[in-house]
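[1] Sharing a sequence plus its predicted fold:
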Amino acid sequence: MSDDDRPESLEARLRALGAHLAVPAPPPADVARAVRARLEDAGAEDERARRPDRRRAGWRPSPRVAAASVAVLMAVLLGATPQGRAAVVSVLRFAGVEIHVGGAGPLPTGVPSPLPGERRVTLEEARRTARFPLAVPSALGDPADVRLADSGRVVTLLWPGVRLDEFDGTLSVVWHKELGEPFPEQVDAVRGWWIPQPHGVSYVPSGGGAPHEERVAGPTLIWQHRLVGMRLEGPDRAEAVRIASSAR
């Protein structure tokens, strides 16, 4: 379309032409109002004809639009109440650990059972049998007790009041944790995560299936040492970071 054919250009030309024409006096006001109303009614009818009436045509939103609308509505409703916010769960997967934050129920009770195939071994046997290179924190020295579980998938090192689980968690989830608020804290010193509150933890067997019996874990530091997943339970945050930094 050329510039001369555009509606605004045509209107300007007609206005210029009108300035040079002799026209009769305008009609009475009541006639002008009637003509204008008639023109507006005609324009409205034309617009309705071009745009189908969704109610008369039995219009229904598409499944995608309906689902999006429900999702937005649910997000608004959930965020509007404390109960709704508590039901929203965030998931963090890191170094073989899957952490669910925000929807935790009561802490588990009772005495947890051992991990699958768990047995007491020496540190040397654990080094030979584990599926990964075993690391020992120099800040703690040799462990008082060593456990091997799930055909060498997990090695647990124990000191008084301290538990260190090392595991092959590079490709699959090994531990499952259920937390309430707050969200875990990022720890730059070891590129890991600190969970400050007691929480439920369960073991996910290497053969699949339901997680192993849940137990209560204390504040825990999770990090990855080379390609090995590590979870340290017992010390406070500062001490946990110091121990983790000494793992060799």
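    Yep, that arrived. Note that the structure is a prediction, hence the values are computed from the model and not measured.
[2] got the CA positions of stretch 124-139 in PDB?
    Extracted in PDB, the C-alpha atoms of stretch 124-139 (Å, rounded to 0.1, in the frame of the first residue of the first chain):
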ATOM      1  CA  GLU A 124      41.700 -51.200  54.900                       C
ATOM      2  CA  GLU A 125      38.900 -53.600  53.800                       C
ATOM      3  CA  ALA A 126      36.600 -50.600  53.100                       C
ATOM      4  CA  ARG A 127      39.200 -49.100  50.900                       C
ATOM      5  CA  ARG A 128      39.500 -52.300  48.900                       C
ATOM      6  CA  THR A 129      35.800 -53.000  48.600                       C
ATOM      7  CA  ALA A 130      34.200 -49.600  48.100                       C
ATOM      8  CA  ARG A 131      33.200 -48.600  44.500                       C
ATOM      9  CA  PHE A 132      35.000 -45.300  44.900                       C
ATOM     10  CA  PRO A 133      38.200 -43.900  46.400                       C
ATOM     11  CA  LEU A 134      37.600 -43.600  50.100                       C
ATOM     12  CA  ALA A 135      38.600 -40.300  51.800                       C
ATOM     13  CA  VAL A 136      39.300 -39.800  55.600                       C
ATOM     14  CA  PRO A 137      39.300 -36.300  57.200                       C
ATOM     15  CA  SER A 138      42.700 -35.600  58.700                       C
ATOM     16  CA  ALA A 139      40.900 -33.300  61.200                       C
END
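[3] Buried residues, it. List them.
    Within stretch 124-139, the residues that count as buried by 16 or more other C-beta atoms under 10 Å are Ala126, Ala130, Phe132, Leu134, Ala135, Val136, Pro137. All C-beta spots, glycine's among them, are computed from the backbone N, C-alpha and C.
[4] In contact with the fifth one, which residues are there?
    Think Ala135. Counting by C-beta atoms under 8 Å, 6 or more residues apart in numbering, Ala135 touches Glu166, His225, Arg226, Val228, Met230, Ala247, Arg248.
[5] Flag the least confident of those.
    Among the contacts of Ala135, Arg226 carries the weakest pLDDT, at 91.
[6] Once you drop chain neighbours, what's closest to that residue?
    Pro133 (6.9 Å; C-beta to C-beta, 6 or more residues apart in numbering).
[7] sec struct for the one you found, please.
    coil (DSSP: H, G, I helix; E, B strand; the rest coil).
[8] where do the helices sit along this protein?
    7-18, 29-50, 63-80, 82-87, 123-129, 237-245 (DSSP state H).
[9] Least confident of those helices, on average?
    When I compare those, helix 63-80 is least confident, with a mean of 40.
[10] Just the contacts of Ala135: which are in strands?
    Among the contacts of Ala135, DSSP state E puts Glu166, His225, Val228, Met230 in strands.
[11] ok, the first one - contacts?
    Neighbour list for Glu166: Ala130, Phe132, Leu134, Ala135, Val154, Val155, Thr156, Leu157, His225, Val228, Gly229, Met230 [criterion: C-beta under 8 Å, 6+ apart].
[12] Same check on Gln186?
    Going by C-beta under 8 Å, 6+ apart, the list of residues near Gln186 reads Gly192, Trp193, Trp194.
[13] just Ser245 next, same as before
    Contacts of Ser245 (C-beta under 8 Å, 6+ apart): Ala139, Ala189, Val190.
[14] same thing but at 7 Å, please
    Ser245 makes contact with Ala189, Val190, according to C-beta atoms under 7 Å, 6 or more residues apart in numbering.
[15] and what of Glu181?
    Counted by C-beta under 7 Å, 6+ apart, Glu181 has contacts Gly102.
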